[in-house]
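**Q** Sequence plus predicted model, see below.
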Amino acid sequence: MMVLDTIWMIAAALLAIAALLWCVLLVSHAAAERKERRIARYQDAWFERLLPVMDEDLPLPALPKPARREEMEAVLGLLRELAERFRGQYRDRLSAVLDQIDAPAFGRRLLRSGGIAQRVRGAALLAWCSPSEASNAALEHALGDRDPRVRLEATMGLVRKGLVTDPVPMLKALCRDRAAHSLLARDAFRIWGKSAIADWSPLLQRPWPVDAWVLLLEAAGTAGRPEWTPLIAAQTRHGSTLVARTALAALETLGDPQGETAALDASAHANPAVRRQAARTLAACGTLDTCGGTLDTLLADPSFEVRRVALRGLLALGGRPRLLDRPPADAWQRELFLEAGLIAPEAA
């Protein structure tokens, strides 16, 4: 009898727990639905307010400040949706609207919060707000955040605002926790390299870890300064294939004929990815007379992708006539010649 009583008590307890969990889920679902309805109401109301201001039919002071956090979140979501829907049409007006609704202060509060996702959102939000002493200082401080995602967003924010006078703090921030491996980090340095006015070439003469070299070379490629070509070319001999490949890509972007010698040397590199990039760089920096022979040699490379890039390089340099006069040497060349329209399908 005691055993049955115990079983009944356990069963009753399990049923009670199940009922309690069901009630919690029901309440949570109802609360989420209510929140969604409130956000939808906020966005409907703010859409009517925002559109005339974004179109400059009404002045900025016509916009009130959101009264509570939930309303601010709804407005920011609506602004993000408008920016994406109209593909940059409101980009110039967006910063002014964010300043008017006091979004910078909200972004700084998010950056001070304990949650990683909130800090990431805060840094991303400040990147779109107009520069101010408080916001700039918050982004600079975020470079020391323990999470790499926050540091990445802070870096992009500083670059977008044109606030970077010394890239070294950014380099140090991104070379922690492999943050420099992110495409966002590379994009940030490409943007900075294109917009930087000061001569930062002394940085290309200092020793750096691999991750820092990759970012600096990305920036050097977009800087458009041919006088830096020798400094970039020196890194094509770096022990890291990633650095060597990035240096060759920077020379390709520059398109300076001085980069041809480094690309010729790299065409014999042991790594096929480096040889492939060397072929691209030769097509950008060389001529058919000076590098056509090397590209011909790469047409017999052990890597099919290297061959493909070499063929495209020869065609770009005007080598089609010389290719039409020669038959494919093997099955891979036959496939590439067919792909490039150098031979007829029946001849293949």
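**A** Yep, that arrived. Residues are numbered from 1 along each chain as shown.
**Q** Please name the residues that touch Ser303.
**A** Pro272, Arg275, Arg276 (Cβ atoms under 8 Å, 6 or more residues apart in numbering). (C-beta placed from N, C-alpha, C; glycine too.)
**Q** Please tell me the pLDDT value assigned to the last one.
**A** When you say that, I think you mean Arg276. Listed pLDDT for Arg276 reads 97.
**Q** I'd assumed Glu305 was in contact with it.
**A** Yes. Shown here, Arg276 and Glu305 form a contact pair, counting by Cβ atoms under 8 Å, at 5.6 Å.
**Q** for this protein, which spans come out with low pLDDT?
**A** 1-5, 26-27, 29-33, 35-36, 86-89, 346-348 (pLDDT under 70).
**Q** returning to what we had before: between Arg276 and Glu305, tell me which one has more neighbours.
**A** Neighbour count, other Cβ atoms under 10 Å: between Arg276 and Glu305, Arg276 has more, with 23 against 13.
**Q** For the helix or strand containing the more buried one, enumerate the helices and strands it packs against.
**A** For Arg276, the host element (DSSP states H and E) is helix 272-285. Packing partners of helix 272-285 (3 or more Cβ pairs under 8 Å, 6 or more residues apart in numbering; DSSP states H and E): helix 241-254, helix 260-266, helix 288-298, helix 304-316.
**Q** hey, where'd the strands end up in this protein?
**A** Counting by DSSP state E, the chain forms no strands at all.
**Q** buried set for stretch 321-336?
**A** Buried residues in stretch 321-336, counting neighbours by 16 or more other Cβ atoms under 10 Å, are found at Leu323, Pro328, Trp332, Gln333, Arg334, Leu336.
**Q** give me every residue that touches the last one.
**A** Read that as Leu336. Leu299, Arg307, Arg308, Leu311, Pro328.
**Q** cool, Ala329 as well?
**A** Leu299, Ala300.
**Q** tell me the phi and psi of it?
**A** The phi/psi pair for Ala329 (degrees, to the nearest 10) reads phi -80, psi -30.
**Q** for Leu299, same thing?
**A** phi -70, psi -20.
**Q** Regarding the chain, what is its longest helix?
**A** helix 2-54 (DSSP state H).
**Q** Give the other helices and strands that that one contacts.
**A** Using 3+ Cβ pairs under 8 Å, 6+ apart: helix 2-54 touches helix 69-85, helix 91-100.
**Q** Distance to Leu248 and mean neighbour count for the ones you listed - can I get that in TSV?
**A** Listed next are these as TSV, based on distance: least, Cβ to Cβ, whole Å; neighbours: other Cβ atoms under 10 Å:
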stretch	distance to Leu248	mean neighbour count
helix 69-85	35	16
helix 91-100	34	16
